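Participant: Fold the stuff below for me.
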Amino acid sequence: MLPAATLALAVAYLAGTLAMPSPAIADPLGPQIFPLLIAGGLLLTALLLALEAWHGLPAAPDTAQGPPALQSIRVVGGIAAWTALYIFGFERLGFPIATTLFLAGLMMVFHGRAWVSLACAVGFSAGAWLLFTKLLAVRLPAGLLPL
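Facilitator: Numbering: from 1, shown residues only. Below is the predicted model of the structure:
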């Protein structure tokens, strides 16, 4: 289910990217290069997830939490709800806080170690903030932080 959902997201993102207008006077690569790289990464991720599912060893079902199909629906639904909260809070909280909370929450669910998840989330958010705002001159919402 996860490879199919990732593939659907990648195709939708790619369609949106290809629909972006390209200005007459612009960089030769155009405004689409970064979104195209993201779409390519999503497509590659969907492929790798499908290969992992195809070649992975079947896990013993955990009957205490319900059937495996129901577990998958709960995981995908939880991720979708967490992502919706991230999108809702992005402007209000700002990029650094919203992204840190989003990544830390997902990583704690899948990784389990709170301090590692939080350190990675803070490091990624700070690095991405610096990359986009300082190097690429992209305005990201500061939100609650006086940045």
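Participant: quick one: buried residues of the longest helix anywhere in the chain?
Facilitator: The helix that spans the most residues within the chain, counting by DSSP state H, is helix 68-93. Using 16 or more other CB atoms under 10 Å as the burial criterion, the residues of helix 68-93 that qualify are 79, 86, 89, 90, 93. Just so you know, the C-beta spots here come from the backbone N, C-alpha and C atoms, and that holds for glycine as well.
Participant: and the next helix or strand after it with helix 68-93, angle?
Facilitator: Moving toward the C-terminus from helix 68-93, the next helix or strand (DSSP states H and E) is helix 95-110. In this structure, helix 95-110 runs at an angle of 160 degrees to helix 68-93, with axes from the mean of the first three to the mean of the last three CA atoms, to 10 degrees as the basis.
Participant: from the chain's centre, how far out does helix 95-110 sit?
Facilitator: Chain-centre distance of helix 95-110: 10 Å, with CA atoms, centre = their mean, to the nearest Å.
Participant: got the buried residues for it?
Facilitator: Residues 95-108 are the ones in helix 95-110 that count as buried (16+ other CB under 10 Å).
Participant: now stretch 45-61
Facilitator: Of the residues in stretch 45-61, those buried under the neighbour-count criterion (16+ other CB under 10 Å) are 45, 46, 49.
Participant: if we can go back for a sec, from the buried residues of helix 95-110, which is closest to residue 140?
Facilitator: Sorting the buried residues of helix 95-110 by how near they are to residue 140, with CB to CB, puts residue 95 at the top with 4.1 Å.
Participant: Disregarding flanking residues, what is the spatial nearest neighbour of the closest one?
Facilitator: Using CB to CB, 6 or more residues apart in numbering and skipping residues adjacent in sequence, the residue nearest residue 95 is residue 140, 4.1 Å away.
Participant: do the same with residue 83
Facilitator: Counting by CB to CB, 6+ apart, residue 102 is the residue found nearest to residue 83 once chain neighbours are left out, at 7.5 Å.
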